[in-house]
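Enquirer: I'll drop the sequence and a predicted model, then ask my questions.
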Amino acid sequence: MDGQHEITDRILALRGSGGSTSDGLLPLVYDELRAMAHRQLQRERTDHTLNTTALVHEVYLKLVDQKRATWEDRAHFFAIAARVMRRILIDYARRHRAAKRGARQRVPLDATAEAVEADERAEVLVALDDALTRLAAIDARLVQVVECRFFGDLTEDETATVLGVTARTVRRDWIKAKKWLHRALET
């Protein structure tokens, strides 16, 4: 818990001082970003070109590159990190899919199930992103809940803090979003 307060205190100090966001923040958030990235990459294809460390560094570089980052606290920082991680993974999946379409690749008759699964996972991730884009037009908060809970692995309470709603609202929105996405991905 002290680490959580330390992150929030560091973020608030950075906002007040106008100092570089990277000064002293990376050591405080690195382990949690790494755990987030590891969980996300476990859901990805086995031949993914990003490893955990590369994904963390790419996320962190995008976060500190923001000139007007106004993170309010630890939960808000990790919610933004989850959104950035989602974008990076979706971009990689789209490039993977485009490369497969653009290249004339032969698939040997004895292709492994893992090779087929890799393509299917990229397709599922792109389909999920497309569904989230459609859902955003209906209810943007549901998408934010998915980003926080699924991509950021934030708790209900942390998600509630980030979104300025109650944990009960987050719980209801999470159930509603999962049902909507399940239906959208089935069609």
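Expert: Okay, I see it. Please read these numbers as outputs of a predicted model, since none were measured by experiment.
Enquirer: From now on I want contacts and neighbour counts done on CA atoms only, so please keep to that.
Expert: Noted.
Enquirer: ok now the biggest helix by length in the chain, how far from the chain's centre?
Expert: Criterion DSSP state H: the longest helix present in the chain is helix 74-102. Helix 74-102 has its C-alpha centroid displaced from the chain centroid by 7 Å (C-alpha atoms, centre = their mean, to the nearest Å).
Enquirer: Give me the average confidence score over that helix.
Expert: Per-residue pLDDT over helix 74-102 has a mean of 80.
Enquirer: Over to stretch 7-24?
Expert: 63.
Enquirer: Quick one: the helices in the protein, in order.
Expert: 2-17, 26-42, 52-64, 74-102, 113-138, 140-146, 156-163, 167-186.
Enquirer: Turn those into JSON lines, including mean neighbour count.
Expert: Below are those laid out as JSON lines (neighbours: other C-alpha atoms under 10 Å):
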{"stretch": "helix 2-17", "mean neighbour count": "15"}
{"stretch": "helix 26-42", "mean neighbour count": "17"}
{"stretch": "helix 52-64", "mean neighbour count": "17"}
{"stretch": "helix 74-102", "mean neighbour count": "18"}
{"stretch": "helix 113-138", "mean neighbour count": "16"}
{"stretch": "helix 140-146", "mean neighbour count": "21"}
{"stretch": "helix 156-163", "mean neighbour count": "20"}
{"stretch": "helix 167-186", "mean neighbour count": "15"}
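Enquirer: So which elements touch the longest helix of the chain?
Expert: helix 2-17, helix 26-42, helix 52-64, helix 113-138, helix 156-163 (3 or more C-alpha pairs under 8 Å, 6 or more residues apart in numbering; DSSP states H and E).
Enquirer: any chance of the ones you listed in a markdown table, with distance to Arg171 too?
Expert: A markdown table is the format used below for these (distance: least, C-alpha to C-alpha, whole Å):
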| stretch | distance to Arg171 |
| --- | --- |
| helix 2-17 | 22 |
| helix 26-42 | 20 |
| helix 52-64 | 27 |
| helix 113-138 | 17 |
| helix 156-163 | 7 |
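Enquirer: Tell me which of these lies nearest to Glu72.
Expert: Closest of these to Glu72 is helix 2-17, at 6.9 Å (criterion: C-alpha to C-alpha).
Enquirer: circling back to that earlier point, lowest average confidence across the helices and strands packed on helix 74-102, which one?
Expert: helix 2-17 (a mean of 67).
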